[in-house]
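Asker: I would like to see how this sequence folds:
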Amino acid sequence: MYRFLAPLARPATYSRWLHLVSPAAVASVWLFISPDKPWMLALMAVPVGLVPAMRLAEGVQGQLLLTPWERGRPDASISVAAASTWPDRWRTVLWLELRLLFAVPVMFATVWLPATSVDLVGMAFGKGPSNDWLVRGVEPHWWYGLLAPVPVLVLLAVVTVGGDVAAAAARWLLGPTATERLTALEERTEQLLERNRIARELHDSIGHALTVAVVQAGAARAANDPAFTERALAAIEETGREALDDLERVLRVLRESGTPASGRPTLVEADRLLDSARGSGAEVVAEVSGALDLVPAPVSREGYRILQESLTNALRHAGSVTVRVRISVVDGWLELEVMNPLTGASSMSGGGSGLRGIRERAALLGGKAKTGPYDGEWRVHASLPLEHIR
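Answerer: Alright, predicted model coming up:
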């Protein structure tokens, strides 16, 4: 029983009712102007439907009244866009014809069925035969009062079924085209990629800064040397400033969707990462070969983040050890390798989010990255192609 009564509690049932009967107002005006040519109204719907903006207008009405819970959603089943192709225009024409067709029975039921219920109640109280054509010539009797709710129930059934049919037709004729669905999917994909990139930026930059601060603070406390403590505090301050700069860049991207990525650090600034790691107590041996300033910006930016994450992992899991860094540009590839002694704390399985981010960054550029134990050391090795990025 609840299943049959549930549609009556939905606001969409009544907004759909309004959508179904609204063309009747236009039809009434036309019949007043030209009562002997009702078929002309259906003919006039053809040029109106061929106007590109009509599909937009009908889509707005459809979302507002037929599927109000989808209003404004990018994955709405009814499109809100002007017709861009002739098939879209002809589908709009067919939709307008169906709207007029739906309006006839629903408007008839809306006007006559409640009137019939009123007549049945009147006949139950002895009122004479009604002029209503549905009960014309029927003699009054008390038991007609028992039938009074029936026309109202029929009206509700017509409205509910008619609304469902109209919504299905709107999804079919006004739904997103293949091109619109592809465009929406591409936009959604771009948004997800941008969110993932921002998450990686925050993870790498802030994670590096916090790691350096923790290592420096621990070393200063253990050393109990005022001069060393002063140097440690200076390193923490410098690393914190750099992290704040990175955070400001990321927040600027969030605030301004059109902000270019050119403000992000590149491998040309790799020295500040190496100095930061040295300031944290690690001995960093760096070997750089090739022209880093000629590396395409996207590759250089992602290489910087890979180096940053690799140094962060070394400091976090191995401590103050010797870290060997090799950066080379040769034969159209950027080769980046970071190695440190494999201690018990650094015996990672390779499943951390930072290491996964390194592999994802390399894969997005068409390259590859390997992380894991190698000859008694922990190695991060990334190969990024240059040619197809230019």
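
Asker: spit out the contact partners of residue 173.
Answerer: Taking CB atoms under 8 Å, 6 or more residues apart in numbering, we find residue 173 in contact with 91-92, 94-95, 98. Every C-beta, even on glycine, is put in place using the N, C-alpha and C of the backbone.

Asker: try it again with 7 Å
Answerer: Applying CB atoms under 7 Å, 6 or more residues apart in numbering to residue 173 gives the contacts 91, 94-95.

Asker: residue 44 too?
Answerer: By CB under 7 Å, 6+ apart, residue 44 has no neighbours at all.

Asker: now the helix or strand it falls within: buried residues?
Answerer: According to DSSP states H and E, residue 44 maps onto helix 39-49. Residues of helix 39-49 classed as buried by neighbour count (16 or more other CB atoms under 10 Å): 41, 45, 49.

Asker: would you agree the second one is in contact with residue 95?
Answerer: No - contact between residue 45 and residue 95 fails when scored by CB atoms under 7 Å: they sit 9.3 Å apart.

Asker: what comes up buried for stretch 273-287?
Answerer: 273-274, 276-277, 279-282, 284, 286.

Asker: could you identify the most distant pair in those?
Answerer: Greatest spatial distance among the buried residues of stretch 273-287 (CB to CB): 281 and 286, at 16.2 Å.

Asker: ok, back up a step: turn the buried residues of helix 39-49 into a markdown table, including distance to residue 299.
Answerer: A markdown table is the format used below for the buried residues of helix 39-49 (distance: CB to CB, whole Å):
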| residue | distance to residue 299 |
| --- | --- |
| 41 | 64 |
| 45 | 57 |
| 49 | 51 |
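
Asker: tell me how far residue 154 lies from residue 331.
Answerer: Residue 154 sits 80 Å away from residue 331, going by CB to CB, to the nearest Å.

Asker: the two: which has the busier surroundings?
Answerer: Neighbours per residue, other CB atoms under 10 Å: of residue 154 and residue 331, the larger number sits with residue 154, 14 against 9.

Asker: how about that one: what's its closest non-neighbour residue?
Answerer: Leaving aside its sequence neighbours, residue 154 sits nearest to residue 113 (CB to CB, 6 or more residues apart in numbering; 5.8 Å).

Asker: tell me who's in contact with residue 121.
Answerer: Taking CB under 7 Å, 6+ apart as the test, what residue 121 contacts is 145, 148.

Asker: swap the cut-off to 8 Å and go again
Answerer: 144-145, 148.

Asker: can you give me how far the helix or strand encompassing it is from the chain middle?
Answerer: Using DSSP H and E, residue 121 sits within helix 86-124. Offset of helix 86-124 from its chain centre (CA atoms, centre = their mean, to the nearest Å): 38 Å.

Asker: next SSE after that helix?
Answerer: Heading C-terminal from helix 86-124 (DSSP H and E), you reach helix 144-147.

Asker: now do that following helix: which elements does it pack against?
Answerer: helix 86-124 (3 or more CB pairs under 8 Å, 6 or more residues apart in numbering; DSSP states H and E).

Asker: now the angle from the helix it packs on to helix 39-49?
Answerer: Relative orientation of helix 86-124 versus helix 39-49 (axes from the mean of the first three to the mean of the last three CA atoms, to 10 degrees): 140 degrees.

Asker: now helix 86-124: buried residues?
Answerer: For helix 86-124, a neighbour-count test (16+ other CB under 10 Å) marks 88-89, 91-93, 95-96, 98-100, 102-103, 106-107, 109-110, 112-113, 116-117, 119-120, 122-124 as buried.

Asker: do a quick rundown of the helices in the stretch 151-300 of the chain.
Answerer: Listed in chain order, the helices of the stretch 151-300 of the chain (DSSP state H, counting those that start in this stretch) span 178-223, 226-255, 270-279, 297-318.

Asker: got TSV for those, with distance to residue 373 and mean pLDDT too?
Answerer: Converted to TSV, the helices of the stretch 151-300 of the chain look like this (distance: least, CB to CB, whole Å; pLDDT from 0 to 100):
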stretch	distance to residue 373	mean pLDDT
helix 178-223	21	69
helix 226-255	28	72
helix 270-279	21	82
helix 297-318	12	84
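
Asker: tell me which of those sits most buried.
Answerer: Mean neighbour count (mean count of other CB atoms under 10 Å) peaks for helix 297-318 among these, with a mean of 24.

Asker: and whichever helix or strand comes after that one, which strands flank it?
Answerer: With elements assigned by DSSP H and E, the helix or strand that comes after helix 297-318 is strand 322-330. Using DSSP bridges, strand 322-330 pairs in its sheet with strand 283-289 (parallel), strand 333-341 (antiparallel).

Asker: export the ones you listed as CSV, with columns for distance to residue 365.
Answerer: Shown next, in CSV, are the strands paired with strand 322-330 (distance: least, CB to CB, whole Å):
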stretch, distance to residue 365
strand 283-289, 20
strand 333-341, 9
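
Asker: which one of those strands lies closest to residue 370?
Answerer: strand 333-341 (9.6 Å).

Asker: quick check: next helix or strand after the closest one?
Answerer: Following strand 333-341 in sequence, per DSSP H and E, is helix 353-364.

Asker: and residue 84, how far from residue 175?
Answerer: From residue 84 to residue 175 the distance is 14 Å (CB to CB).

Asker: try residue 239
Answerer: Distance check for residue 239 against residue 175: by CB to CB, it reads 53 Å.

Asker: same check on residue 324?
Answerer: Counting by CB to CB, the gap from residue 324 to residue 175 is 59 Å.

Asker: quick check: residue 72 is in a strand.
Answerer: No - the assignment for residue 72, made by DSSP: H, G, I helix; E, B strand; the rest coil, is coil rather than a strand.

Asker: and the pLDDT at it?
Answerer: Per-residue confidence (pLDDT) for residue 72: 79.

Asker: before we move on, what about the one 4 residues further on?
Answerer: At residue 76, the predicted lDDT confidence score is 84.

Asker: near it, how many other residues are there?
Answerer: Other residues close to residue 76 by other CB under 10 Å number 19.

Asker: that one should be in a strand, yeah?
Answerer: No - looking at residue 76 with three-state DSSP, it is coil, so not inside a strand.
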